[in-house]
Structures are given as structure tokens and as C-alpha cells.
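# Attaching a predicted model along with its sequence, questions to come.
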Amino acid sequence: MKTFLHSFFVFALLFAAGCDDRSAPEDRSVSYLLQDYTLGDTWQWGDTPYGELRIVRSQEELAHCITPNETLPADIDFSKYSLLLLKGLTANLYHGIHKSLYSEGETLCFNIDIYYGEIVFPTGDYFRIACLATPPIPDGTEVQIKYNEIYDLPD
């Protein structure tokens, strides 16, 4: 009987501790939607170092990323979007890129999946990513780039 009461008491304490809302971590994850962006024929993307992600949050920042910059495209509403720019070089020719943006704790992760085909060429291939993210990425937010190489090789 004594063992039963001890077991019941321990179970009651564990149950009560598990119901405390203050011990549960707050979910601060933000879901971002990405939409490809194509710059109009009037402008060209400026020179950006390979592997450096640029997050454009205003027309003023956009003026530093494109040429000519006397007039700027008016099709981006920076109150709703951030523009992500990334230029890179792959080890082989690729046939597709998939991108996603998600939160990992206090940091955002810009995930790049690079898909390679059955034939592997030892020459590199350039890529440029331009996409709109909504909601806008707050200023000062750390964004890490993660590359995943996926080979569609036959079994």
C-alpha cells in the first residue's frame, strides 16, 4: 500500500509539472513565402560577390544593386516584401534549383537545393537567384545560407 501511495504521489507531481505553461518554449517561427523575381529589360543586376546574400528592403538599397539606377523599378512594394539576391557557382552543370526560407530559432535559413542530372560535367555553372520574400525580413536579422547538392543519378 505504501509503494502504491508513493507511486501515486510521484505520478501526481510529474503530471502537475508537465502542465506548467511557463516551461513550454514559445514558438516564434515565421513562415516565409518566396516568389521568383525578374528584373525588367531596362536594368541589369550589379556586381555582387559570389555566395553573398543581399537582402534589399528599400528602393534606396535597390539603387545600389542595379544599373542604371537613375530610375528604379516600381513593381516591388517593400512594405510587403524583401528582395533576396544571391549569385553562385556550382561544381557541375545543374538542371534545377529549389529555394526556401524558414526560421531556425532566432536565425533565418535560406535553403538552396541544387539538382544535378545523370551526367556529371567537371565544369562549373553559374546561377543567380532573385526572389521576393513575404513577410519582409526585419533589419538586423541574421540569415544563413545552406546549400544542398542533390544528384539524380540512376540506381
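Structure's in. What do you need?
# List the contacts of residue 75.
By C-beta atoms under 8 Å, 6 or more residues apart in numbering, residue 75 lies in contact with residue 40. Every residue, glycine included, has its C-beta placed from N, CA and C.
# Give me the three-state assignment for it.
The three-state assignment at residue 75 reads coil, by DSSP: H, G, I helix; E, B strand; the rest coil.
# the helices in the chain, which residues?
Assigned by DSSP state H, the chain shows helices spanning 2-18, 59-63.
# Would you single out the least confident of those?
Of all these, helix 2-18 carries the lowest average pLDDT, namely a mean of 39.
# ok, now which ones touch residue 62?
By C-beta under 8 Å, 6+ apart, residue 62 lies in contact with 56, 69, 72-73, 76, 83.
# can you check residue 55 too?
82-85, 137, 143.
# how does it look with 10 Å?
Counting by C-beta atoms under 10 Å, 6 or more residues apart in numbering, residue 55 touches 61, 82-86, 108, 110, 133, 136-139, 141, 143.
# Also residue 61?
Per C-beta under 10 Å, 6+ apart, neighbours of residue 61: 54-55, 78, 82-83.
# and residue 31, how many neighbours does it have?
Counted with other C-beta atoms under 10 Å, residues neighbouring residue 31 total 9.
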